[in-house]
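> Next come a sequence and a model predicted from it.
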Amino acid sequence: RSFKLSYYNEYKSYLSMIIPKTDVISELTATTEASHLLSPPSTVVPDQIPRTGGNYTNLSERFKLRNKNFKRQYAPLYASRLAAMKPMVEGVARMRWLDDPIVQLNDIQPGKTCVIIGTLFKEMQLKPNILRDLSEDINLPPKPERKRYTHSSDTLYLEDEAQRVVLVSNISVKEAITGTVISCKGRETTDGKFEVDDWTFCGLPAQIQNEMCGPVLEDKYVAIISGISIGDPKYDPMPLQLFVDLVTGQLGSLKDQTFYSKVMRLIIAGDSLSKNTRDTQSVKQAKYLSKKVQAASIAAAQELDDVLTQLVSCIFVDLMPGEYDPANFSLPQQPLHRCIFPQAAQYTSFQSVTNPYEYDIDGLTFLGTSGQNIKNIRQYTGLSDPLEIAEITLKCRHLAPTCPDTLGCYPFTEEDPFILRECPHVYFVGNQKTFGVKKIEGEQGQKTLIVSVPGFFHSKQVVLVNLKDLSCFCVSVATLIGETPDFANSDKVHLNASDDEDSEDMVDVLNENVNILPDDDMDDQM
């Protein structure tokens, strides 16, 4: 796949962007000596910059639902999770506490130190309960949604196949996450509670390098964007269009275009449509009132299809569903139907994928979510940092431990697909408030880059990950005027979108550089 080095954008709004200097203008198809707009077409064929390629494999098959059956209980899911993860935790516990016996909860002897293994469950007073709300608040308006549901009266339990026990002492109830499988060392007190001396997760899983692919020796990038929120009343298409033009080679100098030709793949990590496109009030209206009303999500999906079509004509794009996208609510979210994107779906470079999404590219494993798992854990614990929460999910080897207690998921019975069997090289979480990066290393030499991808609607930022050394930085599409950033050599670069106040001054400068007359003079020349 290739694209032209540069060409002048047709619409006037792009005149506010950075225009290459005179030495770069000579590479345009127009003749360099042309002093006015009308000139003979050039016979010089522009050079082509091939886009960097690589080996790609989709590893998300376990997240796809084949035979859907929702007439099931969730108890088998917890049982299969504990059965699968108990050997992992037990191995770590034996190495950590060599002299202490590992016992079942029903075999604990009061006063004797032992090690127990089970699933954490946090009983929370403020946790939403539909049955309690119906019984207590009949004919009353719904309670407002809380940002956090933690309370000082919360109680922490550890459950195994036989029973449960209350955990006290050296373990934080506020930061504990329901659904995680841990091991605890301690003893039973006289009142039947378990006094914890120490506890541990099972740690990072083994990291496997694809032997078919050698180390990456040149700069190759994967771009990750999330939270575009098309359809929001305050949505501005300009920042997104600027990024599209940049990554497809229609913007910037030769140096910039050469740099962005190394972007191999673009991941859209959920929430491409705004939550305002979900009309929850239509079900309460009479049908005749909404008969000729078009859903807001239709227009937003059409606009997203137009954006995707521009992208997939030049680069591979993987589209993940998010919390507000037209997909199933429960995890794992299935790929958005291709009929929603009739134009982009015609390209083989377009792929609608699951959430969570895992893939291998040039021997490196990427694993990511659209952020629902991080958001839910933040609501029901005292943890705030998305990087810290993501690290915990890796160390407990489970992507979404709060499923199905407070986060909806499919009622799996035989196997929990959220269990991590291998340690990814890059773990990204979308739709976060800020951009952040954290590198962690396991006891067996595992190295993982954790990336917090900010929502594009608010931050105007896109993340780039270099496959060569797993370095990471973000590209910021800011509404600033007067800066001339270096796209290829800046950790945080800015694309200058015009403001109404300064656009005329910028247009004058651009016209001077490229010898294009303003509109009034152009009409006279015509």
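Received, thanks. Numbers count the residues shown, from 1 in each chain.
> Am I right that residue 390 is in contact with residue 449?
No - in this structure, residue 390 is not within contact of residue 449 by CB atoms under 8 Å, at 10.7 Å. The C-beta positions use only the backbone N, C-alpha and C, and glycine is treated the same way.
> Have a look at these two and say which one is more surrounded.
residue 390 (28 against 21; other CB atoms under 10 Å).
> how much space between that one and residue 99?
Relative to residue 99, residue 390 is positioned 34 Å away (CB to CB, to the nearest Å).
> With residue 175 instead?
Relative to residue 99, residue 175 is positioned 28 Å away (CB to CB).
> Also residue 393?
Taking CB to CB as the measure, residue 393 falls 31 Å from residue 99.
> re the thing from before, could you tell me which residues touch both of residue 390 and residue 449?
Residues touching both residue 390 and residue 449 (CB atoms under 8 Å, 6 or more residues apart in numbering): 427, 438.
> before we move on, back to that, neighbour count for residue 393 and residue 99, which is higher?
Set residue 393 next to residue 99 and count neighbours by other CB under 10 Å: residue 393 wins out with 25 against 5.
> May I have the phi/psi pair for residue 176?
The phi/psi pair for residue 176 (degrees, to the nearest 10) reads phi -70, psi 150.
> Who are the contact partners of it?
Contact analysis of residue 176 by CB under 8 Å, 6+ apart lists 120, 122, 156, 381.
> Pretty sure the second one sits against residue 151.
No - between residue 122 and residue 151 no contact is recorded; they are 10.3 Å apart, counting by CB under 8 Å.
> These two: which is more packed in?
Set residue 122 next to residue 151 and count neighbours by other CB under 10 Å: residue 122 wins out with 23 against 12.
> So what sits opposite that one in the bridge?
On the basis of DSSP bridges, residue 122 is bridged to residue 156.
> Residue 317 too?
With DSSP bridges as the rule, residue 317 is bridged to residue 266, residue 350.
> count of neighbours near it?
Residue 317, neighbours per other CB under 10 Å, totals 25.
> Also residue 58?
By the criterion of other CB under 10 Å, residue 58 has 13 neighbours.
> Not counting its neighbours along the chain, what's nearest it?
Closest residue in space to residue 58, ignoring its immediate chain neighbours: residue 359 at 5.2 Å, by CB to CB, 6 or more residues apart in numbering.
> Name the helix or strand for the one you found, please.
For residue 359, the element it lies in under DSSP states H and E is strand 357-361.
> Please enumerate residues in contact with the helix or strand just after that strand?
Using DSSP H and E, the helix or strand that follows strand 357-361 in sequence is strand 364-369. Taking contacts as CB under 8 Å, 6+ apart, the residues outside strand 364-369 that touch it are 59, 208, 210, 216, 222, 224, 267, 269-270, 320, 355-360, 399-400, 420, 422, 424-430, 453, 467, 470.
> Now a ChimeraX select for only the buried ones of the residues you listed.
Entered in ChimeraX, the line below selects the buried ones among those, by 16 or more other CB atoms under 10 Å:
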select :216,222,224,267,269,270,320,355,356,357,358,359,360,399,400,420,422,424,425,426,427,428,429,430,453,467,470
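> Now, the contacts of strand 364-369 that are in strands?
Using DSSP state E, the members of those that fall within strands are 222, 224, 267, 269, 320, 357-360, 426-430, 453.
> quick one: which of those is nearest residue 302?
Nearest to residue 302 among those: residue 320, at 19.5 Å, using CB to CB.
> so the closest one touches residue 358, yeah?
No - counting by CB under 8 Å, residue 320 sits too far from residue 358 to count as a contact (11.1 Å).
> if we can go back for a sec, what strands line up against the strand holding residue 359, and which way round?
Partners of strand 357-361 in the sheet, by DSSP bridges, are strand 56-58 (antiparallel), strand 364-369 (antiparallel).
> for the ones you listed, which one ends up most surrounded?
For the strands paired with strand 357-361, the largest average neighbour count (mean count of other CB atoms under 10 Å) is found in strand 364-369, namely a mean of 25.
> Below-threshold pLDDT in the stretch 401-526 of the chain: ranges please.
Scanning the stretch 401-526 of the chain for pLDDT under 70 picks out the ranges 478-526.
> Where do the helices of it begin and end?
For the stretch 401-526 of the chain, the helices defined by DSSP state H, counting those that start in this stretch cover 456-459, 503-514, 519-525.
> same thing with the stretch 1-150 of the chain?
Going by DSSP H, counting those that start in this stretch, the stretch 1-150 of the chain shows helices at 22-25, 75-96, 130-136.
> now swap in the stretch 201-350 of the chain and tell me
237-247, 254-260, 296-312.
> show me what contacts residue 326?
Residues in contact with residue 326, defined by CB under 8 Å, 6+ apart, are 273, 297, 301, 336, 340.
> Let's see that with 7 Å instead.
By CB atoms under 7 Å, 6 or more residues apart in numbering, the residues touching residue 326 are 297, 336, 340.
> most neighbours, which of those?
When neighbours are counted by other CB under 10 Å, residue 336 leads those with 23 neighbours.
> Now that residue: phi and psi?
The phi/psi pair for residue 336 (degrees, to the nearest 10) reads phi -60, psi 140.
> Output the below-cut-off pLDDT ranges for the stretch 201-350 of the chain.
211-212, 279-296.
> Now do the SS call for residue 383.
Three-state call for residue 383 (DSSP: H, G, I helix; E, B strand; the rest coil): coil.
> which ones are touching it?
Each residue near residue 383 by CB under 7 Å, 6+ apart is listed here: 175, 377, 389.
> Compare those residues and tell me which has the most neighbours.
residue 377 (26 neighbours).
> Doesn't that residue lie inside a helix?
Yes - looking at residue 377 with three-state DSSP, it is inside a helix.
> residues contacting the residue nearest to it when sequence neighbours are not counted?
Among residues not flanking residue 377 along the chain, residue 389 sits closest, at 5.1 Å (CB to CB, 6+ apart). Applying CB under 7 Å, 6+ apart to residue 389 gives the contacts 374, 377, 378, 383.
> Now name the helix or strand holding residue 389.
Going by DSSP H and E, residue 389 is part of helix 386-395.
> For that helix, list every residue counted as buried.
Within helix 386-395, the residues that count as buried by 16+ other CB under 10 Å are 386, 387, 389, 390, 391, 392, 393, 394, 395.
> Any idea how far that helix is from the middle of the chain?
Distance, stretch centre to chain centre, for helix 386-395: 14 Å (CA atoms, centre = their mean, to the nearest Å).
> rewinding a little: deepest-packed of the helices of the stretch 201-350 of the chain, please.
Of all the helices of the stretch 201-350 of the chain, helix 237-247 carries the top mean neighbour count, a mean of 21, counting by mean count of other CB under 10 Å.
> I'd guessed residue 178 sits against residue 404; true?
No - contact criterion CB atoms under 7 Å: residue 178 and residue 404 do not qualify, at 10.3 Å.
> Who has more neighbours out of those two?
Using other CB under 10 Å as the criterion, residue 178 and residue 404 rank with residue 178 on top: 23 against 18.
> Name the helix or strand for that one, please.
Residue 178 belongs to no helix or strand when elements are defined using DSSP H and E.
> ok, now which ones touch it?
120, 121, 122, 380, 401, 402, 405.
> pretty sure the fourth one is touching residue 402, no?
Yes - here residue 380 lies in contact with residue 402, judged by CB under 7 Å, at a distance of 6.5 Å.
> Show me the shaky parts of the stretch 1-150 of the chain.
For the stretch 1-150 of the chain, applying pLDDT under 70 flags the ranges 1-39, 46, 131-143.
> mind redoing it with 90?
Within the stretch 1-150 of the chain, the stretches with pLDDT under 90 are 1-50, 53, 66-72, 99, 127-147.
> Now do the strands in it.
Assigned by DSSP state E, counting those that start in this stretch, the stretch 1-150 of the chain shows strands spanning 2-4, 48-50, 56-58, 114-123.
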